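Student: After the sequence you'll find the predicted model.
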Amino acid sequence: MMLIKLYNLDAAAEQARLAIFSTGNPLLTAETCVAIIDAMRSDRRYSDAYDLFHYYAHKAKSDLITNLCSSPIIIALCDEGKLDEALELYTHFLLRNRRPSYRAQLALAQGLVDAGRIDEAIDKFYCVDRSVYGIFIRGFLDLGNLERANQLFQELKLSDDSDTVAQASAMFMEHWFKQEMDEKAMECYLSSKEEFSEIYATAANAFLKVLLRYGKKKEAWLLFSQMLEQSKCPRKFDSESCNIMVDECFKLGKISEAVEIFHKSVGTVSHPQLAYRNLITKFCEQDLLSEAEQFFAEMCSKKFFLPDVPTYRTMMDAYVKKGRVSDAVKTVNQTLDASLNYIAKKVIVV
């Protein structure tokens, strides 16, 4: 898992190829294999993910690994637009009474909706998870079928999942903006804020993105300030909340404001490395390498998290762009050193 954290996926995959022959806990082995394939999918290394899956299918002693790994493979096929292949694999495991994960089913539902096959999606995945309502609601809104979208929304509101309901409200809000009915959109937003005494980060981030996308900057900053005030509650503020507004500042050329937001936010989020990675990437994109180095060094100095390979890669690419080859090589070498130091610190803590 350490190699996955660092996104050293080639080394992780090689270990996983050997792990399937171990006599240890089969569930732990299977979960490790799933994590590696899913990481490859996230990195868009689809061919490598498929190869590893086929290797497991032919070499693993137990069907457990193949059964569990089917889910990230289905999601990968959906990512690539290979919807019929994904459905075929899903049906194959379903007939063996091995239903893939709800994440895979949501990916299939989204793929069907995107392909204009919304009725088929509802027929197959209607009761998978409350999150599927958002997929169907957005699909009907995109088709202009407001009546059907609202019907699903009213069904969703009968649940006790206020966060999912709020996320669906953001979809209606965006729909009205697309129709150039700004007053209706803002009415939808304000009524959602009144209806729900607590809006968690996932839904609040959705509102933030819509407000910024449609030029409601003042309202977006007010919402962000309110979220920041509650940032000690991890469910109400996360690294994505920070990154959304940091990105907005960079977009406007307000670099100092971006750094100020980062400093106010990073100590409160549960995954600060994601906020560091985003800020470092933004500096590199703006050719502000000295600023990127400053925050990269700060990130490396932290005790309980470390840069992952995408962050190292960002720094390496920036050095190469500037012709600083020795610094690029040094950064590559730091990846291994960081992993060893991280393991050592974990051992000391234990």
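Tutor: Thanks, I have the structure now.

Student: can you list the domains in the protein?
Tutor: 164-270, 274-349 (the TED database).

Student: Of those, flag the one that's most buried.
Tutor: domain 164-270 (a mean of 18; mean count of other CB atoms under 10 Å). Any C-beta I mention is one placed from the backbone N, CA and C, and that applies to glycine too.

Student: Relative to the whole chain's centre, how far out is it?
Tutor: 17 Å (CA atoms, centre = their mean, to the nearest Å).

Student: distance between the ends of it?
Tutor: 21 Å (CA to CA, to the nearest Å).

Student: that older thread, out of the domains of the chain, nearest to residue 144?
Tutor: Proximity to residue 144 (CB to CB) singles out domain 164-270 among those, at 9.3 Å.

Student: still on that earlier bit, and of the domains of the chain, who's closest to residue 82?
Tutor: domain 274-349 (25.3 Å).

Student: In three-state terms, label residue 99 for me.
Tutor: coil (DSSP: H, G, I helix; E, B strand; the rest coil).

Student: Show me where the stretch 1-150 of the chain dips below the pLDDT cut-off.
Tutor: The model of the stretch 1-150 of the chain has pLDDT under 70 over residues 1-24.

Student: Could you rerun that using 50?
Tutor: Across the stretch 1-150 of the chain, the ranges flagged by pLDDT under 50 are 1-7.

Student: That one: helices as residue ranges?
Tutor: 2-5, 9-19, 26-42, 46-59, 63-79, 83-95, 102-114, 118-125, 131-142, 146-157 (DSSP state H, counting those that start in this stretch).

Student: can you redo the ones you listed as JSON lines with mean neighbour count?
Tutor: Output for those, formatted as JSON lines (neighbours: other CB atoms under 10 Å):
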{"stretch": "helix 2-5", "mean neighbour count": "18"}
{"stretch": "helix 9-19", "mean neighbour count": "17"}
{"stretch": "helix 26-42", "mean neighbour count": "20"}
{"stretch": "helix 46-59", "mean neighbour count": "16"}
{"stretch": "helix 63-79", "mean neighbour count": "23"}
{"stretch": "helix 83-95", "mean neighbour count": "16"}
{"stretch": "helix 102-114", "mean neighbour count": "22"}
{"stretch": "helix 118-125", "mean neighbour count": "17"}
{"stretch": "helix 131-142", "mean neighbour count": "22"}
{"stretch": "helix 146-157", "mean neighbour count": "16"}
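
Student: Rebuild those helices as CSV, extending it with distance to residue 268.
Tutor: Output for the helices of the stretch 1-150 of the chain, formatted as CSV (distance: least, CB to CB, whole Å):
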stretch, distance to residue 268
helix 2-5, 22
helix 9-19, 30
helix 26-42, 25
helix 46-59, 34
helix 63-79, 31
helix 83-95, 38
helix 102-114, 28
helix 118-125, 36
helix 131-142, 26
helix 146-157, 30
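
Student: Nearest to residue 333 among those would be which one?
Tutor: helix 9-19 (15.0 Å).

Student: Name the nearest residue to residue 169, ignoring sequence neighbours.
Tutor: Leaving out its chain neighbours, the residue that sits closest to residue 169 by CB to CB, 6 or more residues apart in numbering is residue 192, at 4.1 Å.

Student: Can you tell me how far that neighbour is from residue 158?
Tutor: 17 Å (CB to CB, to the nearest Å).

Student: now residue 100
Tutor: 27 Å.

Student: same deal with residue 290?
Tutor: From residue 290 to residue 158 the distance is 55 Å (CB to CB).

Student: Then residue 313?
Tutor: Residue 313 is 46 Å from residue 158, by CB to CB.

Student: and if you look at residue 26?
Tutor: Following CB to CB, the distance that separates residue 26 from residue 158 is 41 Å.
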